[in-house]
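1. Return a 3D structure for these sequence lines:
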Amino acid sequence: MIRLRDFERIVFFTGAGLSAESGIPTYRGQGGIWHEYNYEEYACQRAFDRDPDKVWDFHDLRRQKIGACDPNEGHAIIAEVQREIAGTRIVTQNIDGLHQRAGSREVVELHGSIWRVRCTRTGEIVEDFEVPIASRRSPAGGWWRPDIVWFEDSLDHDTIAAAQDAIAGCDLLISIGTSGVVFPAAQLPRIALQSGATLVEINPEETVVSSWYQHHLRGPASQMLTDLWR
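-> Numbering: from 1, shown residues only. The predicted structure follows:
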């Protein structure tokens, strides 16, 4: 049995399956949000350029629903591990901010945050926790757009570099609730595999990248993490 306390440089690589236990829908799994909504209308730059108010109506609703959810026991355990094992890092595909609300720090957010906005004119990025957002227009006269990686966007170079650096240096990578189909994020665990780290997959079902992992825990993330830690 893997024990987290036996490792010194842990990376938690988290996806929508972790936050699902808090009531936040996944994206591609059963009941996923993109089975209900067409991203071309709500979650790409083309949609925003065409009708920013329509896109903001959608994202204000997402912010409202996410803001009503609390971190779950899985988030709490990850934060506790980070406090007790100094070499622990977190790389997440989630945009919900639940890791930070649970007490985690220095979270690498591959796909941005629903709680930040970016000015389309100046590129300025600020936090905004109001629901709905206080103003859709920035002081510079541009639109605020959600600072998240939409469909057809590229990942931020510095963010992906920080994730690669964290994963390359780990001795244990735990993938939690990731589908393994969102690129380039899905390729990141291969870095840990190639560097000789131990890889653990926590997911209720097998994924397209399960073969990369030496250990597979099939069950709810919070319970699996409890077993590894306590």
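2. Return the helix or strand in the protein with minimum mean pLDDT.
-> Lowest by mean pLDDT, DSSP states H and E among the helices and strands of the chain is helix 39-42, with a mean of 87.
3. which parts of it are buried?
-> Using 16 or more other C-beta atoms under 10 Å as the burial criterion, the residues of helix 39-42 that qualify are residue 42. All C-beta spots, glycine's among them, are computed from the backbone N, C-alpha and C.
4. go on, stretch 55-68?
-> When neighbours are counted by 16+ other C-beta under 10 Å, the buried residues of stretch 55-68 are found to be 55-56, 58-60, 62-63, 66-67.
5. How about stretch 142-149?
-> Buried, per 16+ other C-beta under 10 Å, within stretch 142-149: 143-149.
6. Inside strands: which ones of the residues you listed?
-> Secondary-structure check on the buried residues of stretch 142-149 using DSSP state E: residues within strands are 144-148.
7. Next, format those residues as JSON lines and append distance to residue 110 and pLDDT.
-> As requested, those are exported to JSON lines (distance: C-beta to C-beta, whole Å; pLDDT from 0 to 100):
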{"residue": "144", "distance to residue 110": "21", "pLDDT": "98"}
{"residue": "145", "distance to residue 110": "18", "pLDDT": "97"}
{"residue": "146", "distance to residue 110": "15", "pLDDT": "98"}
{"residue": "147", "distance to residue 110": "13", "pLDDT": "98"}
{"residue": "148", "distance to residue 110": "10", "pLDDT": "97"}
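8. Regarding the chain, what is its longest strand?
-> The longest strand of the chain (DSSP E) is strand 112-119.
9. pLDDT on stretch 122-140, on average?
-> The average pLDDT for stretch 122-140 rounds to 96.
10. got the CA positions of that stretch in CSV?
-> Included here for stretch 122-140 are C-alpha records, laid out as CSV according to Å, rounded to 0.1, in the frame of the first residue of the first chain:
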residue,chain,number,x,y,z
THR,A,122,-4.3,46.0,-21.8
GLY,A,123,-3.9,42.4,-20.6
GLU,A,124,-4.2,43.4,-17.0
ILE,A,125,-5.3,40.5,-14.7
VAL,A,126,-7.2,41.1,-11.5
GLU,A,127,-9.1,38.9,-9.0
ASP,A,128,-12.9,39.4,-8.9
PHE,A,129,-15.0,37.4,-6.5
GLU,A,130,-18.3,39.3,-7.0
VAL,A,131,-21.3,37.5,-8.5
PRO,A,132,-22.3,38.8,-10.9
ILE,A,133,-19.1,40.6,-11.8
ALA,A,134,-19.2,44.2,-10.8
SER,A,135,-18.4,45.6,-14.3
ARG,A,136,-17.9,43.8,-17.6
ARG,A,137,-15.9,46.8,-18.9
SER,A,138,-12.4,47.6,-17.6
PRO,A,139,-11.3,51.1,-16.6
ALA,A,140,-9.1,51.0,-19.8
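11. Please tell me how far it is from the chain's geometric centre.
-> The gap between the average C-alpha position of stretch 122-140 and the chain average comes to 21 Å, counting by C-alpha atoms, centre = their mean, to the nearest Å.
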